[in-house]
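Student: Return a 3D structure for these sequence lines:
(2 chains)
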2 protein chains.
Amino acid sequence: MDATLKKKLDIGFNPRNIVVVGDKGPNYNWLKSSAEYPGGPTYSVQLDENEIPGIEELGIKNFKSLHDIPEDEIDYVIIAVPRRIVPFILKDCIEKKVTLVACYTAGFAETHEEEGIQLSETIINMCKEADLAMVGPNCLCISNPKVGLLSNTSQRTGPGGFVGVLSMSGTHTGTMISALTAHGMPISKSVSMGNSLSIEQSDWLEYLGEDEETKIICMYLEGVRNGRQFYDSLKKVAAKKPVVILKGGQTADGARAATSHTASLASPFAIWSGMFQQTGAIGVNSTDEIIDVAKVLTMAKPVSGNRLGVIASTGGQSVLVSDASAKHDLTVPALEESSYEKLRELFTLTGNSYRNPLDVTGVLNTAEEGDMMLNVLADDPNIDIIAMEVGDFTQRRNDPDFYDNMIKNFQSIKENSDKPFIVVQTGMEDVVLKTRETLKEKGIPSIYSFLRGTQALGRAKDYYTAQAEINS
Amino acid sequence: MDATLKKKLDIGFNPRNIVVVGDKGPNYNWLKSSAEYPGGPTYSVQLDENEIPGIEELGIKNFKSLHDIPEDEIDYVIIAVPRRIVPFILKDCIEKKVTLVACYTAGFAETHEEEGIQLSETIINMCKEADLAMVGPNCLCISNPKVGLLSNTSQRTGPGGFVGVLSMSGTHTGTMISALTAHGMPISKSVSMGNSLSIEQSDWLEYLGEDEETKIICMYLEGVRNGRQFYDSLKKVAAKKPVVILKGGQTADGARAATSHTASLASPFAIWSGMFQQTGAIGVNSTDEIIDVAKVLTMAKPVSGNRLGVIASTGGQSVLVSDASAKHDLTVPALEESSYEKLRELFTLTGNSYRNPLDVTGVLNTAEEGDMMLNVLADDPNIDIIAMEVGDFTQRRNDPDFYDNMIKNFQSIKENSDKPFIVVQTGMEDVVLKTRETLKEKGIPSIYSFLRGTQALGRAKDYYTAQAEINS
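Tutor: As a prediction, the model looks like this:
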């Protein structure tokens, strides 16, 4: 990417000062989320006399104009003024040589009204002529939690994460940040790209592609203005790290909603699908799927084959996991005879099936037995991936340490086997939530339901297969 | 169905006494779940001297043989002995003229071992010759919560529900019972059918078809022995009430697992799909989907068209719900000009899209505004179904009663409009769970995610369309 832009973004993600223009009470989202920024002072620019007392209560100094701010260089400005005022603020930013501007204000080309469209053109031209780097408009700006740069008050500063988030929707930015963090995958940097009038999607992609902290990129996209350029960037970045993309506007109704949202133009989804395949990017269909796929890619070993070994809690689950696997291009094959010899000790007396899936109704009574089964699958040459169902473990009362020891077994198989291992969670949501917290602490990937688990494994397999082909 | 069998099942679901043969400690599932049965005494038959003290501690009288039990007529016997002993117990049941027998024991044809297959044949022949009605084997028996007949200790007696559950898997029986009840759809009667060697799936289906308390039937099936008979029963019952069917063993791997589970033989899934279409039954792909579809069918008005009016929390969600709708054969059409005239009051100032979906970012600040939007959709002739997204309502701080008043608006639209109305829940699971409880209390159907919501609405639309065709 362009070296000058890269330098600007480096500064914008680590600003020495922040200026918020036009934030309104009672929430003052931008001022409140920047008030405690540890990297330098936060200033306010506000003309409305009624707002100034509220702003000063936050301990933030207010000025009537950007020009009055006592800094020679302003690194990052957030604009939250009515749309007609935006060009005037941009003019000030250009004169004051601001490094990065983020424009929260919406109401441009996405309105399909004459005034919005004209304002959109004005902004594009101003940025181009002055070489001004702008995030948005119509966006929730950027965040870099590690340095304390946040994009809303509910976001938390953290020790630094590894997931980069790029999104054309503020909601999906927020959903991805909250959900990825809650599932044990904290954020390196996030960008709510909005209408992307100045800095394009391909610029952001390349920037996070070069960012060392970012190990995986999760995107929500509605459209791109320069398809060829985006394709080239995607190809370059996807070869370096996984890029997971949820494309909004796949259908006619969805495309119509997208053009009202970010003024994105429709292009047939088949073109996008083709682009994902050719570049090795990972296309998904929901924000839930983003979480699942990111989890398998970042918490499990690489998926190099499609043969699944399953420990299912019952025979009924064995049937459904086999169906779900086949739907996502995985198989649940027979094991080696030597594996059956080991398993027969446990299984012959009960009549359960242990062909694969291993149906453990009434069989798995001690954690040692669980460990043995996991290791049989880890050692079996017919198996590429290991999945174990976890419902309500605590029902097994014969061994009070069963649950804790099974978690240890999971850690051991995750650390000692080269085969990817996931836990599939089933059952009532409150139990699922509780168990997931324990598994998260140990870095063990857990996915809700066999349908979602096998879907995520299928996507991961496709990703690693594509990467192997690209690199061969 | 056969009148004699119907009478036997009536007695079995309302037994005047229960006998449990061979239950083992420390859990004593069958004895514990029957100990408090209010409809009559529970007895135990147990030979193992070590078990007898534990059984007597439960306040249950033990006998060494069925013949010793001091009842002229025994209504319901649960068998939980090793498989080789089953024929001896059946012989006693026949001699004692037991009305209904349920056999928990597994290890028959599903093992594909000589001994299991032979025992299976023996059981079939004994039942046939003596005209003995048997549930299972390899099952979790039956329940009728209203009268206190339960099939496991975690199940609760209730005031009586309206969902009939039929399942070839004990796990899926349990999952359906717990999840349906937790989602506000309590059980009328449940049958874990197991291998269905004596009473066939079509018998159960017809029985629940005639059961007045049962308003909807949810099934998990792996296969049926008599396809034609099942088809006829399904056609008859599906014309009277919705029958939702999850077919396990749709794929080659799944079919192999199914034959290890209940000895069901594979038949191509296309045949099943065709049967669902011809009979008007509703085929689904997961237990989660059973819950969603049952909720729309029992809590919302009939879905008579496919034109969805959506209130989405943001523009990003508007795009995804439009995509999700199109995937499930629904559309999100433009509204009437008169509707836009009403909506314009709220929306013009902000630049949000209100074409449909209504993107309410920053617009929906009072419950009155929410009520107005719901009523615009209810009155608009271009709209057949209304869906509103609910994320974290409590963030709207300007009106402290917003949440409570919106719930009242939901009740009002549910009661006063003929159009089906659902709430689509998004966001973090803990918030989803909490909000769902409130909605459940008010009988408002809430479904997690736009993908699942539109899928359930699509299935419901197909169901009502098929019924209209069948009845025309």
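Student: So residue A:211 versus residue B:438, what's the distance?
Tutor: Residue A:211 sits 42 Å away from residue B:438, going by CB to CB, to the nearest Å. Glycine gets a C-beta too; all of them are placed from N, C-alpha and C.
Student: nope, residue A:48 is what I was after
Tutor: In terms of CB to CB, residue A:48 sits 38 Å off from residue B:438.
Student: Which of these two has more residues huddled nearby?
Tutor: Higher neighbour count among residue A:48 and residue B:438: residue B:438, with 16 against 11, using other CB atoms under 10 Å in any protein chain shown.
Student: I figured residue A:411 hits residue A:444, correct?
Tutor: Yes - using CB atoms under 8 Å, residue A:411 is in contact with residue A:444, at 6.8 Å.
Student: in terms of contact count, name the helices or strands touching the one helix or strand residue A:19 maps to.
Tutor: Here residue A:19 sits within strand A:18-21, counting by DSSP states H and E. Under the contact criterion of 3 or more CB pairs under 8 Å, 6 or more residues apart in numbering or on different chains; DSSP states H and E, strand A:18-21 touches helix A:29-35, strand A:42-45, strand A:76-79.
Student: which other residues reach the longest one?
Tutor: Meaning helix A:29-35. The contact list for helix A:29-35, computed with CB atoms under 8 Å, 6 or more residues apart in numbering or on different chains, reads A:18, A:20, A:23, A:42, A:44, A:55, A:58-60, A:78, A:80, A:104, A:141, A:149-153, A:155.
Student: ranges for the helices of the stretch 251-400 of chain A?
Tutor: Remark: helices assigned in the stretch 251-400 of chain A by DSSP state H, counting those that start in this stretch are A:252-262, A:269-279, A:287-299, A:315-327, A:337-347, A:367-379.
Student: Give me the residues contacting the fifth one.
Tutor: The list of residues contacting helix A:337-347 from outside it, by CB under 8 Å, 6+ apart, reads A:335, A:354, A:358, A:363, A:369, A:372, A:373, A:376, A:377, A:379, A:380.
Student: So for stretch A:63-70, first residue to last residue, what's the gap.
Tutor: The first residue of stretch A:63-70 is 10 Å away from its last residue (CA to CA, to the nearest Å).
Student: so what strands line up beside the strand holding residue A:19?
Tutor: The strands beside strand A:18-21 in its sheet (DSSP bridges) come out as strand A:42-45 (parallel), strand A:76-79 (parallel).
Student: Might you list the low-confidence residue ranges for the stretch 101-250 of chain A?
Tutor: Along the stretch 101-250 of chain A, the model assigns pLDDT under 70 to no residue.
Student: Now the closest residue to chain B within it: phi and psi?
Tutor: With CB to the nearest CB as the measure, residue A:169 is the residue of the stretch 101-250 of chain A nearest to chain B, at 2.6 Å. Backbone torsions of residue A:169, given as degrees, to the nearest 10, read phi -130, psi 130.
Student: which ones are touching it?
Tutor: A:192, A:220, A:222, A:248, A:261, A:262, B:314, B:315, B:316, B:317, B:319 are the contacts of residue A:169 under CB under 8 Å, 6+ apart.
Student: can you list the residues of the stretch 101-250 of chain A near chain B?
Tutor: By CB under 8 Å from any CB of the partner chain, the residues of the stretch 101-250 of chain A that approach chain B are A:106-107, A:110-111, A:116, A:167-172, A:175, A:178-179, A:182, A:220, A:222, A:248-250.
Student: run the last query once more with 6 Å
Tutor: Selection of the stretch 101-250 of chain A residues close to chain B by CB under 6 Å from any CB of the partner chain yields A:106, A:107, A:111, A:169, A:171, A:172, A:248, A:249, A:250.
Student: Work out which residue lies at the spatial centre of chain A.
Tutor: With distances taken as CA atoms, centre = their mean, residue A:218 lies nearest the centre of chain A, 4.0 Å away.
Student: My read is that that residue contacts residue A:245, right?
Tutor: No - contact criterion CB atoms under 6 Å: residue A:218 and residue A:245 do not qualify, at 8.2 Å.
Student: Need the overlap of contacts for those two.
Tutor: Taking CB atoms under 6 Å, 6 or more residues apart in numbering or on different chains as the contact criterion, residue A:218 and residue A:245 have no common neighbours.
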